[in-house]
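> Have a look; sequence and predicted model below, questions after that.
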Amino acid sequence: MASSAPLVVRLLASSVSVASRAGKIVRDVMSKGELGMFQGKDDYQTEADRSAQRCIVASLSAQYPKVNIIGEEDGPESESELPSDWIISEADKEVLSLECPVNLHSVKEEDIVVWVDPLDGTSEYTQGALMLKRDPWERWKMYLTHPLISIKWYLSLLQSHYGFLEHVTVLIGISVNDKPVAGVIHQPYYKTMLGGEKILGRTIWGLQEVGVGGFTPAPPPDSLIITTTRSHSNPLVEKALQVMNAGQIVRVGGAGYKVFQLLEGKASIYVFASSGCKKWDTCAPEAVLSAAGGKLTDILGNYYKYGGSESRPNKTGVLAAVNDELHSYAVKRIPQELKDALSK
Ligand SMILES: Nc1ncnc2c1ncn2[C@@H]1O[C@H](COP(=O)(O)O)[C@@H](OP(=O)(O)O)[C@H]1O
Ligand SMILES: [Mg+2]
Ligand SMILES: [Mg+2]
Ligand SMILES: [Mg+2]
């Protein structure tokens, strides 16, 4: 659909629509039960990661051919043709009607780099699958052959594995001149009940100077609650958590989901003192969080740059907070030797 809205607004509106379609692909791969998992360069990837990325990249590049789109999954190009319903040309109407910030009015396609993480939280996606995939008879056998496992314990295990799927997000971050200015976080397994019917998926978008939509942020918790990785910890990550003096540490998967935790008032600071996250993990979360009044940087307090030639790893970690005050508190608590260890 042709629209006279400025490019950044159109691209954000298209990204909102395509992120939902990618989220459906993620659910469909899980329902088929065959994840096609293999060990990529430095982490696992599944059929859902690959297919969701193909859907996003093909849809956006068809409409915005000169935009530089960088996705996480850079494996060999698939030979198979893309199903036609994976090419999305719709654009979210609410976003299309937004007032574009003045400094973004004249942005051209060549000035934009889009960072795509088709499935953030792959570890949680595969672990969520583990319990769902298992044959019900196999589950009963597991229960019957382990008399020490109570039904209550078993049900809570099942619940917690299914709960991991909520950590999965689809991330599309739009950067202009190195800076994330707009972004989309879509959560394919979020459940809402509408008139007795279960609706899956929700999307939050953020645009610089405009704010966020699709979701209403909640105030931060009264006490200091930190959110961090559940599957990629190491001694430096743990050290940085210890020094925060937090009342509670919540370990969840994915950079996108951790920013949801901040915006839902379930945590106030996100700390990850490790070089494991990449630009596609943080571009959309940074854009959305800053549009909501928060801040995402490395653990030294410096912003990352999102130009196309920047190195992919976020070498000096991630430190994000719901406001500037909590962000500076966290930067000050990180000891110099930890900052030095990551900067090496
Ligand atoms: N040590 C590491 N090696 C590889 N990827 C890492 C990593 N630490 C973090 N990441 C990536 O950063 C994202 C957030 O991690 P976490 O859930 O641990 O906070 C995940 O993205 P993906 O799931 O998209 O690969 C994860 O793979
Ligand atoms: Mg990955
Ligand atoms: Mg990721
Ligand atoms: Mg990913």
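It's in. Ligands and ions are numbered 1, 2, ... in the order given.

> how much space between the residue in the stretch 151-300 of the chain that ligand 1 sits nearest to and residue 184?
When scored by C-beta to the nearest ligand atom, the stretch 151-300 of the chain has residue 276 as its residue closest to ligand 1, at 2.1 Å. Every C-beta, even on glycine, is put in place using the N, C-alpha and C of the backbone. Distance of residue 276 to residue 184, computed by C-beta to C-beta, to the nearest Å: 22 Å.

> Neighbour count: the two, which is higher?
Neighbours per residue (other C-beta atoms under 10 Å) separate residue 276 from residue 184, with residue 184 holding more: 32 against 20.

> mind checking the SS state of the more buried one?
Under DSSP: H, G, I helix; E, B strand; the rest coil, the three-state class of residue 184 is strand.

> just checking, it touches residue 172?
Yes. With contact defined as C-beta atoms under 8 Å, residue 184 and residue 172 form a contacting pair (4.5 Å).

> between those two, what contacts are shared?
By C-beta atoms under 8 Å, 6 or more residues apart in numbering, residue 184 and residue 172 have these common neighbours: 15, 19, 284.

> Could you verify my assumption that the second one touches residue 174?
No. Counting by C-beta under 8 Å, residue 19 sits too far from residue 174 to count as a contact (11.9 Å).

> Give me the residue at the spatial middle of the protein.
Centroid check for the chain by C-alpha atoms, centre = their mean gives residue 256 as the closest residue, at 2.6 Å.

> Check whether that one sits in a helix, strand or coil.
Following three-state DSSP, the label given to residue 256 is helix.

> What count of nearby residues applies to the residue nearest to it when sequence neighbours are not counted?
Among residues not flanking residue 256 along the chain, residue 169 sits closest, at 3.2 Å (C-beta to C-beta, 6 or more residues apart in numbering). By other C-beta under 10 Å, 32 other residues sit near residue 169.

> Quick check: phi and psi on residue 169?
Main-chain dihedrals, residue 169, degrees, to the nearest 10: phi -140, psi 160.

> how close does it get to residue 337?
According to C-beta to C-beta, residue 169 and residue 337 sit 33 Å apart.

> And the pLDDT at residue 222?
Residue 222 is assigned 96 on the pLDDT scale.

> Double-check that it belongs to a helix.
No. Residue 222: not assigned to a helix; according to three-state DSSP it is coil.

> Let me know how buried it is, in neighbour terms.
Neighbour tally, residue 222, other C-beta under 10 Å: 9.

> Could you find the closest non-adjacent residue to the residue of the stretch 151-300 of the chain closest to ligand 1?
In space, residue 276 is closest to residue 232, 5.0 Å off (C-beta to C-beta, 6+ apart).

> Test my guess that that neighbour contacts residue 274.
Yes. At 6.5 Å, residue 232 counts as touching residue 274 under the criterion of C-beta under 8 Å.

> out of these two, which sits in the more crowded spot?
Remark: of residue 232 and residue 274, residue 274 carries more neighbours, 23 against 14, as counted by other C-beta under 10 Å.

> Next up, the contacts around the more buried one.
Neighbours of residue 274 in contact, by C-beta under 8 Å, 6+ apart: 229, 232, 233, 234, 236, 237, 317, 342.

> mind running it again at 7 Å?
232, 234, 236, 237, 317 (C-beta atoms under 7 Å, 6 or more residues apart in numbering).

> So which of those residues sit within helices?
Counting by DSSP state H, the contacts of residue 274 place 236, 237 in helices.

> burial of residue 242, as a residue count?
Using other C-beta under 10 Å, residue 242 has 10 other residues around it.

> The chain should start at 158 in everything you say after this.
Okay, residue one is now 158; in that scheme the one you just asked about reads as residue 399.

> For ligand 2, tell me whether stretch 183-201 is touching it.
Yes. Stretch 183-201 lies within reach of ligand 2 by C-beta under 5 Å from the ion, at residue 200.

> which residues sit against that stretch?
202-205, 208-209, 232, 276, 279, 283, 286, 290, 325, 327, 345, 357.

> Contact partners for residue 495?
The neighbourhood of residue 495, defined by C-beta under 7 Å, 6+ apart, consists of 393, 396, 397, 430.
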